[in-house]
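*Asks:* show me how the following folds:
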Amino acid sequence: MNRRTFSIACLGAMAALAAPATRAFSTQTGSGEQPSASQQAGRISGKPHIAFLLYEGMTALDLIGPVEVLAGAEFSVDFVAADRNPVFAENRSDKRLGLVPTATYADISSTDILCVPGTSNPYVQIAKHDMIEWVAATGAQAQWVTSVCTGSFILGAAGLLKGYRATSHWSLAPQLAYFGAVPVAERVVHDRNRVTGAGVTSGIDFGLTLLSLLCAPQTAMAKQLVLEYDPHPPFNCGSPRVAEPELVKTVQEQYGGYLKQVAPDATQLLQKHAARLGVTLPAAS
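*Replies:* Numbering: from 1, shown residues only. Have a look, this model is predicted:
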């Protein structure tokens with residue numbers, strides 16, 4: 001039995017526990033509109049639909065972690081982008097990882113679960129009007145609205161986090177206030193039907209948390225065991241809460257310097273979104 005067969009066998013044993021996930025979703029969207037063709041295909045087999053957003057420059061692990069957890073037999077899945085051309089994840093090597101969309105914005109007008117990965121430069125993404133409009137329209141009807149890392153900036157720009165507790169990468173999480181969100185320094189934040197994960201590697205924690213909410217804790221526990229998710233990092237510095245202050249300062253300065261180069265108008269862009277969303281920020285002291 002290879003690893004894939006073993007995984008399928010383990011998850012198949014949990015299928016009965018996953019059944020409540022299908023009962024938790026209505027057969028119409030939140031606005032009362034009929035489901036899209038993709039949703040209908042999923043619901044014929046009694047499976048909720050997940051739409052994972054793809055875009056140029058996204059962080060691959062923000063997507064791959066949740067997909068590995070959630071893209072199982074319990075769900076119908078689409079990878080949605082502006083068009084069907086390959087989307088390339090960010091990295092600074094001479095080759096980039098390409099991802100192939102299964103659907104476009106025009107194909108998917110609604111979903112049960114919207115999942116948005118992040119990127120090192122969220123400011124260029126929140127300026128993409130077509131993408132933000134699709135996220136806003138789709139998220140408004142979704143029964144679960146979710147993100148990993150700075151994907152929460154995209155949800156925020158779409159007006160989907162106003163009044164919600166949410167998180168993001170630790171270095172940028174306070175800026176969620178520009179979107180009317182309540183920034184929280186936690187690895188995974190669940191507020192009503194919003195679930196947001198912190199930086200990059202939190203995507204697996206996020207996926208397991210969401211799976212437990214959609215199905216049952218036992219289903220998520222089985223998945224965690226199948227994935228052998230038992231992290232023991234080689235260094236105790238994966239969060240500013242435990243890292244040495246000097247390291248935190250250095251990383252923040254380096255990342256801040258990068259953002260000043262690639263997004264010099266970041267503050268102005270955030271202020272525009274705040275004004276559009278009717279968000280009043282406290283005066284700087």
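*Asks:* which stretches of this structure form strands?
*Replies:* Counting by DSSP state E, one finds strands in the chain at the ranges 49-53, 76-81, 87-88, 98-99, 103-104, 113-116, 144-148, 165-166, 182-183, 188-191, 194-197.
*Asks:* and the ones you listed as JSON lines, adding mean neighbour count, distance to Q175 and mean pLDDT?
*Replies:* Just so you know, the C-beta spots here come from the backbone N, C-alpha and C atoms, and that holds for glycine as well. Below are these laid out as JSON lines (neighbours: other Cβ atoms under 10 Å; distance: least, Cβ to Cβ, whole Å; pLDDT from 0 to 100):
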{"stretch": "strand 49-53", "mean neighbour count": "27", "distance to Q175": "20", "mean pLDDT": "97"}
{"stretch": "strand 76-81", "mean neighbour count": "22", "distance to Q175": "25", "mean pLDDT": "97"}
{"stretch": "strand 87-88", "mean neighbour count": "20", "distance to Q175": "25", "mean pLDDT": "97"}
{"stretch": "strand 98-99", "mean neighbour count": "15", "distance to Q175": "26", "mean pLDDT": "96"}
{"stretch": "strand 103-104", "mean neighbour count": "18", "distance to Q175": "30", "mean pLDDT": "98"}
{"stretch": "strand 113-116", "mean neighbour count": "28", "distance to Q175": "16", "mean pLDDT": "98"}
{"stretch": "strand 144-148", "mean neighbour count": "28", "distance to Q175": "14", "mean pLDDT": "98"}
{"stretch": "strand 165-166", "mean neighbour count": "22", "distance to Q175": "11", "mean pLDDT": "98"}
{"stretch": "strand 182-183", "mean neighbour count": "18", "distance to Q175": "8", "mean pLDDT": "98"}
{"stretch": "strand 188-191", "mean neighbour count": "19", "distance to Q175": "15", "mean pLDDT": "98"}
{"stretch": "strand 194-197", "mean neighbour count": "28", "distance to Q175": "14", "mean pLDDT": "98"}
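*Asks:* would you format those as JSON lines with distance to Q261 included?
*Replies:* Output for those, formatted as JSON lines (distance: least, Cβ to Cβ, whole Å):
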{"stretch": "strand 49-53", "distance to Q261": "25"}
{"stretch": "strand 76-81", "distance to Q261": "26"}
{"stretch": "strand 87-88", "distance to Q261": "20"}
{"stretch": "strand 98-99", "distance to Q261": "25"}
{"stretch": "strand 103-104", "distance to Q261": "32"}
{"stretch": "strand 113-116", "distance to Q261": "25"}
{"stretch": "strand 144-148", "distance to Q261": "24"}
{"stretch": "strand 165-166", "distance to Q261": "27"}
{"stretch": "strand 182-183", "distance to Q261": "25"}
{"stretch": "strand 188-191", "distance to Q261": "30"}
{"stretch": "strand 194-197", "distance to Q261": "26"}
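*Asks:* my read: D78 touches P48, true?
*Replies:* No: counting by Cβ atoms under 8 Å, D78 stays clear of P48, with 12.0 Å between them.
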